[in-house]
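In: Pasted the sequence and its predicted model underneath.
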Amino acid sequence: MSKVIEYRKMQIEDIPAVVGIEEEAFATPWTEEIFEHEMTANEYAHYVVAVHEGEVIGHVGMWVVLDECHITNVAVRKHLRGYGIGEGLMRKAIELCNMNEVRLMTLEVRMTNVTAQNLYRKLGFQDGGIRKNYYTDDHEDALVMWVEF
C-alpha cells in the first residue's frame, strides 16, 4: 500500500463505502439512513474519511457540542488495519476539535478492544469509567475514555 492517504470531510456520496466499513468492523453497524440523517439533520455531527487511491478506507464520526466532542465511531477496512490509518483519523478529529476550541473529547470502547484502547492512550486519553452492558449485541461493558486539551 502506498503511503498517500488523504483525510477529508465525508460527503453524502461516501455513505455506501462507509457503511461497508461499518459492516466489516461492528456487530451492530450504522445504516445508510443513520449516516444520511447525521450528515443532513444533525448540526453537531462531523465526519472525516480516509481515502487511498480514490477508495474510502476508514472514517471517524464525532458530535461537537459547545466545547465538548464525543467520538461516535472509528473504523478502518479490515485488510488495512495496522497501517496507522485509525491513528490518522483520530489525529484529524483532534485537529478539528482544536480548530473549534473544544476542551474535552470522550468516547466509549469495548473492554476487549485493547488495540484501540492502546491507540487512544497513545493520543493522551485516560480511563474515565465503565458503562455496564453498553453494547446491545452482546452486552459487553464499555470503557469510557477522555482527553482534555
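Out: Looks like it came in fine. Every value quoted in this text rests on a predicted model; they were computed, and no experiment measured them.
In: count of residues packed around V51?
Out: Neighbours of V51 under the rule other C-beta atoms under 10 Å: 16. In short, each C-beta sits where N, CA and C put it, glycine included.
In: How much space separates it from G61?
Out: Look at V51 and G61: by C-beta to C-beta, to the nearest Å, they are 16 Å apart.
In: now swap in Y135 and tell me
Out: According to C-beta to C-beta, Y135 and G61 sit 17 Å apart.
In: Give the buried residues for the helix or strand harbouring K92.
Out: Secondary structure from DSSP states H and E places K92 in helix 85-99. Neighbour counts over helix 85-99 (16 or more other C-beta atoms under 10 Å) mark 85-86, 88-90, 92-94, 96-97 as buried.
In: ok, now stretch 23-42?
Out: By neighbour count with 16+ other C-beta under 10 Å, stretch 23-42 contains the buried residues 25, 29-30, 34-35, 38-39.
In: any chance of those in TSV, with secondary structure too?
Out: Formatted as TSV, the buried residues of stretch 23-42 follow (DSSP: H, G, I helix; E, B strand; the rest coil):
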residue	secondary structure
A25	helix
P29	coil
W30	coil
I34	helix
F35	helix
E38	helix
M39	helix
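In: nearest to E140, of the buried residues of helix 85-99?
Out: Lowest distance from E140 to those (C-beta to C-beta) belongs to G86, with 19.6 Å.
In: right, and the secondary structure at the residue nearest the centre of the chain would be what?
Out: The centroid of the chain falls nearest to V74 when counting by C-alpha atoms, centre = their mean (2.4 Å). Here V74 is recorded as strand under three-state DSSP.
In: From what I see, it and E87 are in contact.
Out: No: using C-beta atoms under 8 Å, V74 is not in contact with E87; the gap is 9.9 Å.
In: Do you have the helices of the protein handy? List them.
Out: With DSSP state H, the ranges of helices along the chain come out as 15-25, 32-41, 85-99, 114-122.
In: Can you name every helix or strand that the shortest one contacts?
Out: So the one you mean is helix 114-122. Counting contacts by 3 or more C-beta pairs under 8 Å, 6 or more residues apart in numbering; DSSP states H and E, helix 114-122 packs against helix 85-99, strand 104-110, strand 142-148.
In: I am finished for the moment; much appreciated.
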